[in-house]
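>>> next input, structure requested:
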Amino acid sequence: MADKSDLQNLYSLDGRVPVSKAILIGAQHVLAMFVANIAPILLICTGARYNGIIFSDMDLAKSLQASLLIAGIGTMIQLYPVWRIGARLPIVMGVSFTFAGALIPLAAEDFGIAVGAIIIGGCIEGILGLTVRYWRKLISPVVSASVVLSIGLSLLGTGINTAISSINYESGSWQNLTVAGITLAACLLFRSLLNNFGKQLYILLGLLVGYIAALLMGMINYSDIKNIVNNLGIVSFPRLFAFTPQFHLGAIINVALVYLVSAVETIGDSSTICTSVLNREITERELQGALACDGFISAVSGGVFGCTPITSFSQNVGMIFMTGIVNRFTIFFGALLLILAGFFPPIGAFLATLPDCALGGCTIVMFGSIVIAGIRMLTFCKLNERNSLIVSISLCIGLGITQVQDFFKDMPDIVYEIFANNSVAGVFVVALILNFVLPKNMENKISRK
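Alright, predicted model coming up:
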């Protein structure tokens, strides 16, 4: 009887779940986002400089350590809010790829410039979150659904690229594809055959099978663990206030605009959890807390820890959609594992040995589920002529311009940086404009011929 009650509590925000089960669910969430959390730091900080000195291996290791710690802190605050900061929803936070294009040149010039822009931009998004009551009506259900659908569609290529990649073999090699295929098959097998609690761990179990397959094919390299321990030790405290922020207006405007894109993704992710899993609309308080956490914790990430901004992770939203598990206590242990990895470098180094192709076998399932979540959200909207135009035109323009680079050849660099590689931003802007300008009294039904 207790097991049945425990299983039911997994589908409740505040249900009581045994620690042993909560740890496994939390670990599953961490493994799903781990590689994507550290990759942006590697991209931004490799080649970065501060006071004219290029980042050393130790600087890079410290930045990676900070990325784990701030991801855990951000996730914990989303789960258990501090004042109005945090949504009280099962949102997993991590370092965002969205900012890479804007931050790489700033970090290469001086990391202090990047830190200053991160702090101000984060505060702007945080204030935007706290004032959500004044602009929330602009984000109608059809706009949210369009954004969620675009998030899912934009991630499909990422899922496939991850599945065909590893450090050891060329992209698309049969070895990478084999490991990805084994992982995907294992996930589907566990999902189909297991019952009760075991069924909810199919991602974790599939990753374990994929990891073993990668190990047998020589893809796992443990030498980096030794290097990390030699550099940081078994226990390492993060460096605080290591970079003096520099406030350059151009950099601040550039990064602040990207924060708006990050806010759109967080709106989409948090709305997906409420609409598709909790079967209700997101509340004003939840949306306020989600955005405030996204912004203010990103400002702390830059100003205190010398790390880059964080945002909600869509792959974890996909996992929640697939498993139905929304219990905050279980994801709390994922946040705790990230924080521990931040203080105990060998933990993070071991998790980093997970090959891309093994993770890719799982992300195919998770990213596809976000597309389904967007479609489900659309079914809750009345697909009359007006809403159909909003969805079709916003998706066509938002996704289309990312595939035609000449579209931006005569436009300012900032426009290119925001929209060229991020279809979510384009879909959101177009959907928002159409929702504002199209008359509300358009024909209520799509004419059928």
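>>> and the helix or strand in which Ile160 is found, what does it pack onto?
Assigned by DSSP states H and E, Ile160 belongs to helix 141-163. On a contact count with 3 or more Cβ pairs under 8 Å, 6 or more residues apart in numbering; DSSP states H and E, helix 141-163 meets helix 174-193, helix 249-272, helix 314-323, helix 356-380, helix 385-400, helix 423-437. Yep, even glycine has a C-beta here, placed from its N, CA and C like the rest.
>>> quick check: phi and psi on the residue most central in space within the chain?
Per Cα atoms, centre = their mean, the C-alpha nearest to the average position across the chain is that of Phe313, at 1.9 Å. Main-chain torsions, Phe313, degrees, to the nearest 10: phi -100, psi 120.
>>> and it, what's its pLDDT?
Looking at Phe313, its pLDDT reads 95.
>>> switch to numbering from 5
Got it, the first residue is 5 from now on, which makes the last one we talked about Phe317.
>>> Ile301 and Val119, how far apart?
15 Å (Cβ to Cβ, to the nearest Å).
>>> could you do Val183 as well?
Val183 sits 38 Å away from Val119, going by Cβ to Cβ.
>>> circling back to that earlier point, residues of the helix holding Ile164 that come out buried?
Using 16 or more other Cβ atoms under 10 Å as the test for burial, helix 145-167 gives 145-159, 162-164, 166-167.
>>> stretch 324-341 now?
324-327, 329-341.
>>> export it as CSV, just CAs?
C-alpha atoms of stretch 324-341 as CSV (Å, rounded to 0.1, in the frame of the first residue of the first chain):
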residue,chain,number,x,y,z
ILE,A,324,8.7,15.7,-16.9
PHE,A,325,6.2,15.5,-19.7
MET,A,326,7.3,11.9,-20.5
THR,A,327,7.3,10.6,-17.0
GLY,A,328,4.6,12.8,-15.5
ILE,A,329,6.7,13.3,-12.3
VAL,A,330,6.3,16.8,-11.0
ASN,A,331,7.2,16.1,-7.4
ARG,A,332,9.5,18.9,-6.2
PHE,A,333,11.2,16.8,-3.5
THR,A,334,12.6,14.4,-6.0
ILE,A,335,14.1,17.2,-8.2
PHE,A,336,15.4,18.8,-5.0
PHE,A,337,17.9,15.9,-4.8
GLY,A,338,19.0,16.6,-8.4
ALA,A,339,19.7,20.2,-7.3
LEU,A,340,21.6,18.9,-4.3
LEU,A,341,23.7,16.6,-6.5
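>>> just how off-centre is it within its chain?
Offset of stretch 324-341 from its chain centre (Cα atoms, centre = their mean, to the nearest Å): 14 Å.
>>> average pLDDT for that stretch?
Averaged across stretch 324-341, pLDDT comes to 95.
>>> what's the answer for stretch 289-307, then?
For stretch 289-307, the per-residue pLDDT values average out at 98.
>>> circling back: residues touching the residue nearest to the centre of the chain, list them.
36-37, 40-41, 96-98, 273 (Cβ atoms under 8 Å, 6 or more residues apart in numbering).
>>> next one: Asn391
Going by Cβ under 8 Å, 6+ apart, Asn391 touches 146, 385.
>>> ok so, going back, ok now the helix holding Ile164, how far from the chain's centre?
Here helix 145-167 is found 12 Å from its chain centre; the criterion is Cα atoms, centre = their mean.
>>> now do stretch 107-117
Worked out by Cα atoms, centre = their mean, stretch 107-117 lies 23 Å from the chain centre.
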